[in-house]
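Novice: fold the following and give me the result.
(one chain, ligands or ions: 1)
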Amino acid sequence: MSKYYLTTPIYYVNAQPHIGHVYTTVAADALARWFRLQGREVFFLTGTDEHGSKIENAAREAGISPGEMADRMSKNFRDLWVAMEIKPDRFIRTTEPEHQRVVQRVFLELSARGDIYPGVYEGYYCFACEAFLTPSQGSLCPDCGRETEKISEPTYFFRLSRYQEPIRAYFQAHPEMIQPERAREEVSNLLNQPLPDVSCTRRCAWGIPLPAEMAADPELTIYVWFDALLNYLSGVDYGQEDGRFKKTWPPDIQLLGKDIIRFHYIIWPALLLALGLPLPEKLFAHGWWLSGGEKMSKSRGNVVEPMEFARTYGVDALRYFLLAEVPFGLDGDFNEAAFRKRYNSDLANDLGNLVHRFAHLIRTRHQGRVPEAGDGGRLAEKVLAALPQLDERMAAVDFFGFLETARTVVTAANHYLDETAPWRPENNSGPVLYNLAETARLLSLCLEPVMPRTSGLIRSRLGLEKLPADSNGLRWGLTPAGAAVGEGAPLFPRLK
Ligand code: MSP
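Specialist: Alright, predicted model coming up:
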């Protein structure tokens, strides 16, 4: 059984989780569930990024300590993942002692190799992005566009310049590591300018102290991005003899938002090369959700609160909308009108209605028992042709294409039902209804990664709880004749 290690960025704990955080984590959860269904040994890591001045400042404003802030917010993220049916294998916090030990160990190792050396940083720092600016960038933050602050402090530098050529050569040999394709140009622009060495400590009390062997200045702590990136290693027990590192490394895919490309495609590979570790197979930079056409922000008051949507429309509808509405690498606009439109067309009219119609016919024409199978015919052909395409789309991290393919199956099944008219007494309804029940069973398996609750409801409606819910179930004809079909409420009541 081959392993599949995937990660999300770890989230800052200075503010409440919002729809952007849900997006990356739902996407990762869908991949994790799909590859688990395929029998891979999945390890899905997410967590919270808890150090640095951003959190220190937010805690000060809230009148609590940074530790309390981190505890409180980190719990909010964990609770939200439970509510969203997101099931990571590990939720890491950068304040955990073992993570801190790994970070310190890596620092010592890199300084022993001459990749970390002392110096003085003079220049601009963006507190919102926790980013040092290079001299050619001036004083405006290249990531968020804000005016930054000039700082001057003793620091340690990471010898990024040493890895410029090795990274370029690596990407040339492995272009598929950078996903989607459009991110490649940005990465190559970054690599076409000289990469200066980067500061990797801060004068910030809320951070991981330098290892005792290096701590000439007790006020220096490790720069939060170095601390954070190393979670991908500590999260799989890097440095522990009997931990999972050996069988898990390297990551098969790491998801991130397009705003943190520089950290993930430049600094992260450089750190791994410096440590002599294999690089991830793929890094995928997804687009951003805007709200009302604008960037979400507290000051604009347009931040989308995920639980509000989940409460009104259901968790599955929210998960579905996020993955179906825009291709994963592009930006999208999160607005209620678009949400309701997609809900009504794809979920209420197509999927929900399909299940409702044939289940009702099985109840009225076959005493609520799945009839005997006949010839699978063109519907079986359609469904079986879609299965490899679904797998291909998921392997390409193309949720949009995956759900488009799933919809073609739903549409085909609805047409089949219309054309075969199993409600007419003169028609032989048994084999037709069997084929529809079997299609719904296969859909319930394939849609589980995106809509786990709906998938469970379809299976229980068809009395199929005991059938294999893994790749062994991805064959035609497993629904047993005689299974009891329940009544059940509509899966997705139509919105007025
Ligand atoms: N803590 C760093 C990541 C360290 S990873 C070693 C960080 N945290 S964050 O909380 O600001 O953002 C985390 C992720 O959420 C990023 O991938 C970011 O792109 C994503 N999103 C934040 N807002 C978003 C939207 N509005 N839309 C989509 N994703 C967004 O950066």
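
Novice: close to the ligand: what parts of the stretch 101-250 of the chain are there?
Specialist: 228-229 (C-beta under 6 Å from any ligand atom). C-beta: built from backbone N, CA, C; applies to glycine.

Novice: now do the helices in the stretch 101-250 of the chain.
Specialist: 164-173, 183-191, 224-229, 231-234, 245-248 (DSSP state H, counting those that start in this stretch).

Novice: closest to Phe328 out of the ones you listed?
Specialist: For these, proximity to Phe328 was assessed by C-beta to C-beta; helix 183-191 is nearest, at 11.4 Å.

Novice: how far is that closest one from where the chain is centred?
Specialist: Centroid displacement of helix 183-191 relative to its chain, using C-alpha atoms, centre = their mean, to the nearest Å, is 22 Å.

Novice: can I get the helices of the stretch 101-250 of the chain in CSV including mean pLDDT and mean neighbour count?
Specialist: Shown next, in CSV, are the helices of the stretch 101-250 of the chain (pLDDT from 0 to 100; neighbours: other C-beta atoms under 10 Å):
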stretch, mean pLDDT, mean neighbour count
helix 164-173, 97, 14
helix 183-191, 95, 16
helix 224-229, 97, 25
helix 231-234, 98, 25
helix 245-248, 96, 15
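
Novice: okay if I get these as JSON lines plus distance to Asp375?
Specialist: Converted to JSON lines, the helices of the stretch 101-250 of the chain look like this (distance: least, C-beta to C-beta, whole Å):
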{"stretch": "helix 164-173", "distance to Asp375": "51"}
{"stretch": "helix 183-191", "distance to Asp375": "47"}
{"stretch": "helix 224-229", "distance to Asp375": "56"}
{"stretch": "helix 231-234", "distance to Asp375": "51"}
{"stretch": "helix 245-248", "distance to Asp375": "46"}
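
Novice: show me where pLDDT drops low in the protein?
Specialist: 1, 215-216 (pLDDT under 70).

Novice: longest helix anywhere in it?
Specialist: Longest helix of the chain, by residue count under DSSP state H: helix 399-420.

Novice: so how far is the next helix or strand after that one from its chain's centroid?
Specialist: Per DSSP states H and E, the first helix or strand lying C-terminal to helix 399-420 is helix 429-447. Computed by C-alpha atoms, centre = their mean, the separation of helix 429-447 from the middle of its chain amounts to 30 Å.

Novice: list the buried residues for helix 429-447?
Specialist: 429-447 (16 or more other C-beta atoms under 10 Å).

Novice: render the CA-only coordinates of that helix in PDB, please.
Specialist: This file holds the C-alpha atoms of helix 429-447, laid out as PDB (Å, rounded to 0.1, in the frame of the first residue of the first chain):
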ATOM      1  CA  SER A 429     -39.300  -1.000 -14.200                       C
ATOM      2  CA  GLY A 430     -37.200  -3.600 -12.300                       C
ATOM      3  CA  PRO A 431     -33.900  -3.500 -14.200                       C
ATOM      4  CA  VAL A 432     -34.200   0.200 -14.800                       C
ATOM      5  CA  LEU A 433     -34.600   1.000 -11.100                       C
ATOM      6  CA  TYR A 434     -31.800  -1.400 -10.200                       C
ATOM      7  CA  ASN A 435     -29.500   0.500 -12.600                       C
ATOM      8  CA  LEU A 436     -30.400   3.700 -11.000                       C
ATOM      9  CA  ALA A 437     -29.800   2.400  -7.500                       C
ATOM     10  CA  GLU A 438     -26.500   1.000  -8.500                       C
ATOM     11  CA  THR A 439     -25.500   4.400 -10.100                       C
ATOM     12  CA  ALA A 440     -26.500   6.100  -6.800                       C
ATOM     13  CA  ARG A 441     -24.400   3.700  -4.800                       C
ATOM     14  CA  LEU A 442     -21.300   4.400  -7.000                       C
ATOM     15  CA  LEU A 443     -22.000   8.100  -6.900                       C
ATOM     16  CA  SER A 444     -22.200   7.900  -3.100                       C
ATOM     17  CA  LEU A 445     -18.700   6.400  -3.000                       C
ATOM     18  CA  CYS A 446     -17.200   8.900  -5.400                       C
ATOM     19  CA  LEU A 447     -18.800  11.900  -3.800                       C
END
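
Novice: please name every helix or strand in contact with it.
Specialist: Packing partners of helix 429-447 (3 or more C-beta pairs under 8 Å, 6 or more residues apart in numbering; DSSP states H and E): helix 353-365, helix 377-395, helix 399-420, helix 452-461.

Novice: that one versus helix 353-365: what angle between them?
Specialist: 150 degrees (axes from the mean of the first three to the mean of the last three C-alpha atoms, to 10 degrees).

Novice: okay, angle between helix 429-447 and helix 452-461 too, please.
Specialist: Using the same axes, to 10 degrees: helix 429-447 against helix 452-461 is 150 degrees.

Novice: make 543 the first number, not 1, from now on.
Specialist: Understood, numbering begins at 543; the last thing we discussed is helix 971-989.

Novice: ok, which of the helices and strands packed on helix 971-989 comes nearest the ligand?
Specialist: Counting by C-beta to the nearest ligand atom, the ligand lies closest to helix 941-962 out of these; the figure is 13.8 Å.

Novice: what packs against that closest one?
Specialist: helix 857-867, helix 895-907, helix 919-937, helix 971-989.

Novice: tell me how far that helix lies from the chain's centre.
Specialist: The offset between the C-alpha centroid of helix 941-962 and the centroid of the whole chain comes to 26 Å, using C-alpha atoms, centre = their mean.

Novice: now the helices and strands packed on helix 941-962 in JSON lines, with distance to Ala570?
Specialist: Shown next, in JSON lines, are the helices and strands packed on helix 941-962 (distance: least, C-beta to C-beta, whole Å):
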{"stretch": "helix 857-867", "distance to Ala570": "11"}
{"stretch": "helix 895-907", "distance to Ala570": "28"}
{"stretch": "helix 919-937", "distance to Ala570": "12"}
{"stretch": "helix 971-989", "distance to Ala570": "17"}
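
Novice: now those as TSV including distance to the ligand?
Specialist: Shown next, in TSV, are the helices and strands packed on helix 941-962 (distance: least, C-beta to the nearest ligand atom, whole Å):
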stretch	distance to the ligand
helix 857-867	9
helix 895-907	31
helix 919-937	20
helix 971-989	23
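
Novice: mind checking which of those is nearest Thr567?
Specialist: helix 857-867 (10.0 Å).

Novice: which residues touch Tyr666?
Specialist: 674-675, 679-681, 683, 690-693 (C-beta atoms under 8 Å, 6 or more residues apart in numbering).

Novice: out of those, which are buried?
Specialist: The buried subset of these - by 16+ other C-beta under 10 Å - is 674-675, 683, 690, 693.

Novice: save those as JSON lines, and put in distance to Pro751 too.
Specialist: Formatted as JSON lines, the buried ones among the contacts of Tyr666 follow (distance: C-beta to C-beta, whole Å):
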{"residue": "Phe674", "distance to Pro751": "20"}
{"residue": "Leu675", "distance to Pro751": "25"}
{"residue": "Cys683", "distance to Pro751": "27"}
{"residue": "Thr690", "distance to Pro751": "26"}
{"residue": "Ile693", "distance to Pro751": "20"}
